[in-house]
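Participant: Fold the stuff below for me.
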Amino acid sequence: MNSDLINRAMALLAMVLLTGFVGVLIAYVPRWDLGIMAALTVVLAGWDFWHTATGRKSDHH
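Facilitator: Model prediction:
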């Protein structure tokens with residue numbers, strides 16, 4: 001298999017697991033401040049996943 005495809009599949013699996021974990025956390029600890037931080041975490045991870053998976057991320061190091 002293509003290593004790029006495997007990397008994307010693993011990134012997608014990680015995103016799904018992170019979202020599931022944060023969802024369970026919010027379900028059992030329903031606090032508004034925790035909800036804001038959890039949503040911010042998922043949004044930032046999703047943004048990074050999207051840019052990495054579509055090849056838009058540029059490393060200028």
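
Participant: for this structure, which spans come out with low pLDDT?
Facilitator: Residue ranges of the chain with pLDDT under 70: 1, 56-61.

Participant: please redo it, this time with the cut-off set to 50
Facilitator: Applying pLDDT under 50 to the chain flags residues 61.

Participant: Going by residue numbers, what spans are strands in it?
Facilitator: Counting by DSSP state E, the chain has no strands to list.

Participant: So which residues of it form helices?
Facilitator: Applying DSSP state H to the chain gives helices spanning 3-28, 32-53.

Participant: and residue 48, how far is that from residue 22?
Facilitator: For residue 48, the distance to residue 22 equals 15 Å [C-beta to C-beta, to the nearest Å]. Backbone N, C-alpha and C define where each C-beta goes, glycine included.

Participant: who has more neighbours, those two?
Facilitator: For the pair residue 48 and residue 22, the greater number of neighbours falls to residue 22 (18 against 13), based on other C-beta atoms under 10 Å.

Participant: Please name the nearest non-neighbouring residue to the more buried one.
Facilitator: Spatial nearest neighbour of residue 22, excluding adjacent residues (C-beta to C-beta, 6 or more residues apart in numbering): residue 38 at 4.6 Å.
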